[in-house]
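> pasting the sequence and the predicted model now:
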Amino acid sequence: EVQLVQSGAEVKEPGESLKISCKGSGYSFTNYWVGWVRQTPGKGLEWMGSIWPGDSDSRYNPSLQGQVTISADKSITTAYLQWSSLRASDTAMYYCATGKDWGRYFDYWGQGTLVTVSS
Amino acid sequence: DIQMTQSPSSVSASVGDRVIITCRASQSISTWLAWYQQKPGKAPKFLIYDASSLQSGVPSRFSGSGSGTDFTLTISSLQPEDFGIYYCQQADSFPRTFGQGTKVEI
């Protein structure tokens, strides 16, 4: 059974750094893209980027303008999304998902990680 | 970026009704389109890909059609468990983009 298990909810202050995780199991982790999708009430679902854990090749949404970094550690089948300096506008639910069809679609999803950024 | 526009924004229907949701892309995306269902407090669920291919395990009352810029998701006979928000997503180019969602109420 394919499973993606994400790290727990986070409450941070503006300017702090953060790294959230997504552990995959039940499939060949290095042979499927893993994507990150953000959900906010105002902007709906937004694709942030995807990574190929086999060689860490990654694609980003240009709208993020380098605000986040996606990485993966294939030895522990875990993908990461990290920020060096959080903003209040980063408050959202973040989902990871496996990428079917060479990453075109998102077939299996994690349970989500709620990130709240507030002073 | 390719903009995805769904209509209607919400629909209220009865059990057994046929429900049709439309999704329009701002430029041609061939058949590179997916549909997802999301229930409150849950992650989206993958329903349809390549505009009309049903994901394994998804009930056959769900179907998709379309190509180019205009697509539809049809629920042939609405069931109580079909409530939620439905999203389309284009997979033709980066960045991947989603529609704003259609809320289905029973």
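Arrived safely.

> tell me if the lowest-mean-pLDDT helix or strand in chain A is near chain B.
Using mean pLDDT, DSSP states H and E, helix A:100-103 stands out as the lowest-scoring helix or strand of chain A, at a mean of 86. Yes: Helix A:100-103 is in contact with chain B by C-beta under 8 Å from any C-beta of the partner chain, via A:100-101. C-beta: built from backbone N, CA, C; applies to glycine.

> what is the rounded mean pLDDT of the helix or strand just after that helix?
Per DSSP states H and E, the first helix or strand lying C-terminal to helix A:100-103 is strand A:105-109. The predicted model gives strand A:105-109 an average pLDDT of 96.

> is chain B contacted by strand A:105-109?
Yes: part of strand A:105-109 sits close enough to chain B to count as contact by C-beta under 8 Å from any C-beta, namely A:105-109.

> most widely separated two among these?
Spatially, the most separated pair among those is A:Tyr105 and A:Trp109, at 11.3 Å (C-beta to C-beta).

> and the pLDDT for residue 93?
No chain specified, so I'll use chain A. What the model reports for A:Met93 is a pLDDT of 97.

> chain B is the one I meant
94.

> ok, back up a step: of A:Tyr105 and A:Trp109, which one has the most company?
Neighbour count, other C-beta atoms under 10 Å in any protein chain shown: between A:Tyr105 and A:Trp109, A:Tyr105 has more, with 26 against 23.

> identify the bridge partners of that one.
Using DSSP bridges, the beta-bridge partners of A:Tyr105 come out as A:Lys100.

> touching, it and B:Asp92? I think so.
No: in this structure A:Tyr105 lies outside contact range of B:Asp92 using C-beta atoms under 8 Å: 11.6 Å.

> still on that earlier bit, going by distance to chain B, which of the residues of strand A:105-109 next to chain B wins?
Nearest to chain B among the residues of strand A:105-109 next to chain B: A:Trp109, at 3.8 Å, using C-beta to the nearest C-beta.

> who does that closest one bridge with?
Taking DSSP bridges, one finds A:Ala97 as the beta-bridge partners of A:Trp109.

> hmm, it is touching A:Lys100, no?
No: judged on C-beta under 8 Å, A:Trp109 makes no contact with A:Lys100 at a distance of 11.5 Å.

> shared neighbours of those two, which are they?
Counting by C-beta atoms under 8 Å, 6 or more residues apart in numbering or on different chains, the residues touching both A:Trp109 and A:Lys100 are B:Phe46.

> how much space between A:Asp57 and chain B?
Between A:Asp57 and chain B the computed distance is 13 Å (C-beta to the nearest C-beta, to the nearest Å).

> quick one: pLDDT of that residue?
In this model, A:Asp57 is scored at 94, pLDDT.

> so which residues on chain B come close to chain A?
Proximity of chain B to chain A (C-beta under 8 Å from any C-beta) is limited to residues B:1, B:32, B:34, B:36, B:43-46, B:49-50, B:55, B:87, B:89, B:91, B:94-101.

> centroid residue for chain A?
Nearest to the centroid of the C-alpha atoms of chain A, with distances taken as C-alpha atoms, centre = their mean, sits A:Trp36, at 3.4 Å.

> what pairs with that residue across the strands?
Legend: beta-bridge partners of A:Trp36 under DSSP bridges are A:Gly49, A:Cys96.
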